[in-house]
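K.L.:
take a look and give me a structure for this.
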Amino acid sequence: MITNLRQIDLNLLLVFDALMQEQNLTRAATRLHLSQSTVSNALARLREQLGEPLFQRTSRGMVPTPQAQTLYGPVRQALHLLRIGLGPQEEVDVESDLMFRVSMNDYAQAVFLPEVLSKLHAMAPRLVLSVQSDDADTLVKRLETGELDLAIDYLHFNNDDLRYQPLSEEELAVIACSNHPKIKGRLTMSQFQDCHHVSVHPRAGRGSPLEIVLGSAKVQRKVQLLVPHYLAIPAVVSRSHLLGTVPRRLAEHFAKQYSLQILPLPLVMAPVQVNLIWHKQQDVAVGLKWLREQLVSTMKRR
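P.N.:
Purely as a prediction, here's the structure:
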């Protein structure tokens, strides 16, 4: 193991980072704009300097060893901070190879992402957007280490290192199948409580905005099915007598396809605030500032 930082070449850490992300020698070389032999030689040098194999060749590609997994977090964060500190601070080069890693849920991917991607590619044709899961348990850590550049989420974390920028407000609505035996174009509070529901799993032990409002109003739902994603709810509702509470734009997106009734919630609830979330160390990153501006301007036009 390295005991003197002067022994190690920073370029080797860039190769290690690319291999950890791609877990494939050819793809890592493509990412770094290097030949495969150059990447292979760099890996050999890094293995020699660290005294650790780092990766095992398998039929699935280059699988990291436990030691490589342990090393990856600190290396990723160090490279992330160096890119911010040493990177250009003028304007983003929209003709260059830009890559951003953004967390968003399945609803945002279905309703929001197509329009965003169309605008981004019109401005930066070589841009790559890596959309990742909205796992609330790991979201803060991934933003801190630079594994994520940005998150689009309604959650608010008790962390002073995070920055928030309002992106949109989402009104919730209730959906029911068109031939529901009890629901015919209107929904009372009594019906809402008497019917069974499909809902998404709680995230990181947190109640959703809807659950918080229902709890405050002392309203209980009879949840008969829990699913991990919003996109499953319209299809489930269409083939059952379950009610689902989803963002109104999602309901409208699938209403015709699944022949759904869209009904207002039978209680007063403010729209859910959705924010852009990033780590404070990204405040001055030119590329991410540009990306945030494009996302906000796209949502304002909706």
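K.L.:
could you check the distance from residue 156 over to residue 134?
P.N.:
Here residue 156 is placed at a distance of 14 Å from residue 134 (Cβ to Cβ, to the nearest Å). Every C-beta, even on glycine, is put in place using the N, C-alpha and C of the backbone.
K.L.:
does residue 226 sit in a helix or strand, and which one?
P.N.:
When elements are assigned from DSSP states H and E, residue 226 belongs to strand 222-227.
K.L.:
ok, residue 48 next?
P.N.:
Assessed by DSSP H and E, residue 48 sits inside helix 36-50.
K.L.:
tell me the domain ranges of the protein?
P.N.:
If you go by automatic domain parsing, the domain ranges for the chain are 5-86, 99-166+273-300, 172-270.
K.L.:
tell me the mean pLDDT for the first one?
P.N.:
So that's domain 5-86. The average pLDDT within domain 5-86 is 82.
K.L.:
and if you look at the second one?
P.N.:
On average, the pLDDT along domain 99-166+273-300 is 89.
K.L.:
centre of the chain to that domain, how far?
P.N.:
Put simply, domain 99-166+273-300 sits 7 Å off its chain's centre (Cα atoms, centre = their mean, to the nearest Å).
K.L.:
ok, now the longest one?
P.N.:
Here the centre of domain 172-270 is set off from its chain's centre by 23 Å, with Cα atoms, centre = their mean.
K.L.:
returning to that earlier point: pairing partners for the strand holding residue 226, with directions?
P.N.:
Next to strand 222-227 in the sheet, as set by DSSP bridges, lie strand 196-200 (parallel).
K.L.:
turn the domains of the chain into a markdown table, including distance to residue 93 and mean neighbour count.
P.N.:
Compiled in a markdown table, those are given as follows (distance: least, Cβ to Cβ, whole Å; neighbours: other Cβ atoms under 10 Å):
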| stretch | distance to residue 93 | mean neighbour count |
| --- | --- | --- |
| domain 5-86 | 14 | 15 |
| domain 99-166+273-300 | 9 | 17 |
| domain 172-270 | 34 | 16 |
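K.L.:
run through the strands of the stretch 1-150 of the chain in chain order.
P.N.:
Taking DSSP state E, counting those that start in this stretch, the strands of the stretch 1-150 of the chain run over residues 55-58, 61-64, 99-103, 128-132, 150-153.
K.L.:
possible to save those strands as JSON lines with distance to residue 166?
P.N.:
JSON lines is the format used below for the strands of the stretch 1-150 of the chain (distance: least, Cβ to Cβ, whole Å):
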{"stretch": "strand 55-58", "distance to residue 166": "43"}
{"stretch": "strand 61-64", "distance to residue 166": "38"}
{"stretch": "strand 99-103", "distance to residue 166": "17"}
{"stretch": "strand 128-132", "distance to residue 166": "21"}
{"stretch": "strand 150-153", "distance to residue 166": "11"}
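K.L.:
and of the ones you listed, who's closest to residue 76?
P.N.:
Between residue 76 and those, the tightest spacing by Cβ to Cβ is seen for strand 99-103, at 11.3 Å.
K.L.:
the closest one - contacts with which helices or strands?
P.N.:
Secondary-structure packing of strand 99-103 (3 or more Cβ pairs under 8 Å, 6 or more residues apart in numbering; DSSP states H and E): strand 128-132, strand 150-153, helix 286-300.
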